[in-house]
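Visitor: mind folding the following:
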Amino acid sequence: MNAELLEELKKITPEEERLLSGAGEIERRIYMSPRGNLPSGAGTDREQEIVPGTDVVDAAKLMEAGKMIQVRPHTRFVHFPRHTHNYIEVIYMCSGSTHHVINGEDVILQQGELLFLSQWAVQEIYPAGEEDIAVNFIVLPQFFEYGLGMMEPEENLLRSFVIDCLRGENRAAGYLHFRVADVLPVQNLVENLIWTIWNRQPNRRRANQATMGLLFLQLMNCMDKLETDENAGTPRLMLTVLSYIENHYRDGELGDLAESLHCDMCWLSREIRRRTGKTYTELVQTRRLSQAAFLLTTTNLSVLEVASRAGYENMSYFHRIFREKYGVTPKKYRL
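Guide: Purely as a prediction, here's the structure:
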């Protein structure tokens, strides 16, 4: 990270000065609203679904009015008790490490790593030291819409799954932990986001939304570096299934996937159908067709080459199912 920016983030805040002077716990009024006073416009309507026994960190306490994203250094030297958020939280570890407990599971965030927390995640954080510098992104869900729109030309089941986790539509997945310290494009994009917001650059909303979209595009290439809840069996299984389809949609077989997971193929087939409403074959078909549509609109490849690259050998079959999905032939779709 840029040394000048890191030095800015290292500065002791007034809240940290209070803690270093002997205060034993966080000052709740800085972060939390009384449960009965949570604003309905904070980015979620889940005030009536708060996890019992937890505080709710309120976006309105941490974000300027009218903003959809804010960054602030994580407060060090103190234990953060169990809490949830009425926004999506993204944590980037600038230096050192932090110890989190999320839905009862220990998560150690190391330098250069990203942690996405859904609004359903119950989080606890152990005290961080002076050199443990983390940045918290406070993000309202609607901020993601522009950036996610950048990825629409190519339908991607795996991307949809990750987005559902972030939006809270998949409640079983409390967090997404990307171990991307060695992925330079991700590091550059995150640092750019921090720098732009921290320094209040003009016209930063659209620029930041575009940067977030580019960040998602990069993270979609890092699925092998993604970890999620150990206790959330369904998200973990489906993440594996969808990652396999993403990487093997041309020739991947359900039997090979089941073997790699050390499970019965019939059981896996039933689980996929139960969890997604589609069979394995239908999921593969969706991915192949989306790839074909993407290639038709972004390349000059012949229809025959497009079909082959998407995993189809029988051109009559390809034309038939493509028309069933998109309502036109591949040639007309390109026009």
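Visitor: for residue 89, which non-adjacent residue is closest in space?
Guide: residue 117 (4.3 Å; Cβ to Cβ, 6 or more residues apart in numbering). For glycine as for every other residue, the C-beta is placed from the backbone atoms N, C-alpha and C.
Visitor: oh sorry, the question was meant for residue 255
Guide: Leaving out its chain neighbours, the residue that sits closest to residue 255 by Cβ to Cβ, 6+ apart is residue 265, at 5.3 Å.
Visitor: what of residue 285?
Guide: Closest to residue 285 by Cβ to Cβ, 6+ apart is residue 321, at 6.9 Å.
Visitor: which residue packs closest to residue 110, ignoring adjacent ones?
Guide: residue 97 (5.0 Å).
Visitor: mind checking pLDDT for the one you found?
Guide: pLDDT recorded at residue 97 is 98.
Visitor: I'd like to know how many residues surround it.
Guide: 15 (other Cβ atoms under 10 Å).
Visitor: contacting residues around it?
Guide: 108-111, 132 (Cβ atoms under 8 Å, 6 or more residues apart in numbering).
Visitor: could you dump the residues you listed into a markdown table with neighbour count and distance to residue 187 added?
Guide: Listed next are the contacts of residue 97 as a markdown table, based on neighbours: other Cβ atoms under 10 Å; distance: Cβ to Cβ, whole Å:
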| residue | neighbour count | distance to residue 187 |
| --- | --- | --- |
| 108 | 12 | 19 |
| 109 | 23 | 15 |
| 110 | 12 | 13 |
| 111 | 15 | 10 |
| 132 | 19 | 18 |
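Visitor: quick one on the thing from earlier: hmm, the residue nearest to residue 89 is touching residue 83, no?
Guide: No: using Cβ atoms under 8 Å, residue 117 makes no contact with residue 83, being 10.4 Å away.
Visitor: residues shared between the contacts of the two?
Guide: Contacts common to residue 117 and residue 83, judged by Cβ under 8 Å, 6+ apart, are residue 123.
Visitor: of those two, who's got more company?
Guide: Between residue 117 and residue 83, counted using other Cβ under 10 Å, residue 117 has the larger neighbour count: 24 against 19.
Visitor: just the pLDDT at that one, thanks.
Guide: pLDDT at residue 117 comes out at 90.
Visitor: what's the answer for residue 291, then?
Guide: pLDDT, residue 291: 92.
Visitor: name the helix or strand for it, please.
Guide: helix 280-298 (DSSP states H and E).
Visitor: what residues does that helix touch?
Guide: Applying Cβ under 8 Å, 6+ apart, the set of residues contacting helix 280-298 is 153-157, 241-242, 245-246, 249-250, 252, 254, 257, 268-269, 272, 276, 278, 301, 303, 306-307, 309-312, 318, 321-322, 325-326, 330, 333-334.
Visitor: hmm, back to that, the residue nearest to residue 285 and residue 305, how far apart?
Guide: Counting by Cβ to Cβ, to the nearest Å, the gap from residue 321 to residue 305 is 18 Å.
Visitor: more neighbours: which of those two?
Guide: residue 321 (16 against 12).
Visitor: following the strand or helix carrying that one, which helix or strand comes up?
Guide: Assigned by DSSP H and E, residue 321 falls within helix 315-326. With elements assigned by DSSP H and E, the helix or strand that comes after helix 315-326 is helix 330-334.
Visitor: how far does that following helix sit from its chain's centre?
Guide: Computed by Cα atoms, centre = their mean, to the nearest Å, the chain-centroid distance of helix 330-334 equals 33 Å.
Visitor: likewise for stretch 135-146?
Guide: Worked out by Cα atoms, centre = their mean, stretch 135-146 lies 11 Å from the chain centre.
Visitor: now do the strands in the stretch 151-300 of the chain.
Guide: Applying DSSP state E, counting those that start in this stretch to the stretch 151-300 of the chain gives strands spanning 175-178, 226-228.
Visitor: would you mind telling me which of those is nearest residue 213?
Guide: Closest approach to residue 213 among those is made by strand 175-178 (16.0 Å; Cβ to Cβ).
Visitor: mean confidence score for that closest one?
Guide: 90.
Visitor: how about residues contacting that strand?
Guide: 102-103, 107, 109, 113-118, 121, 162, 165-166, 186, 219, 222, 225-229.
Visitor: ranges for the helices of the stretch 151-300 of the chain?
Guide: Per DSSP state H, counting those that start in this stretch, the stretch 151-300 of the chain carries helices over the ranges 157-167, 184-198, 204-219, 233-248, 254-261, 265-276, 280-298.
Visitor: pop the domain breakdown of the chain in here.
Guide: 3-228, 252-334 (automatic domain parsing).
Visitor: for the chain, name the helix or strand with the lowest mean pLDDT.
Guide: helix 157-167 (a mean of 66; mean pLDDT, DSSP states H and E).
Visitor: rewinding a little: which residues sit in contact with the residue nearest to residue 89?
Guide: 85, 88-91, 102, 123, 174-175.
Visitor: re earlier: tell me which entries of the contacts of residue 97 lie within strands.
Guide: Among the contacts of residue 97, the members found in strands (DSSP state E) are 108-110.
Visitor: dump those residues into CSV; add pLDDT and distance to residue 13 as well.
Guide: Compiled in CSV, the ones in strands among the contacts of residue 97 are given as follows (pLDDT from 0 to 100; distance: Cβ to Cβ, whole Å):
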residue, pLDDT, distance to residue 13
108, 97, 24
109, 98, 20
110, 98, 23
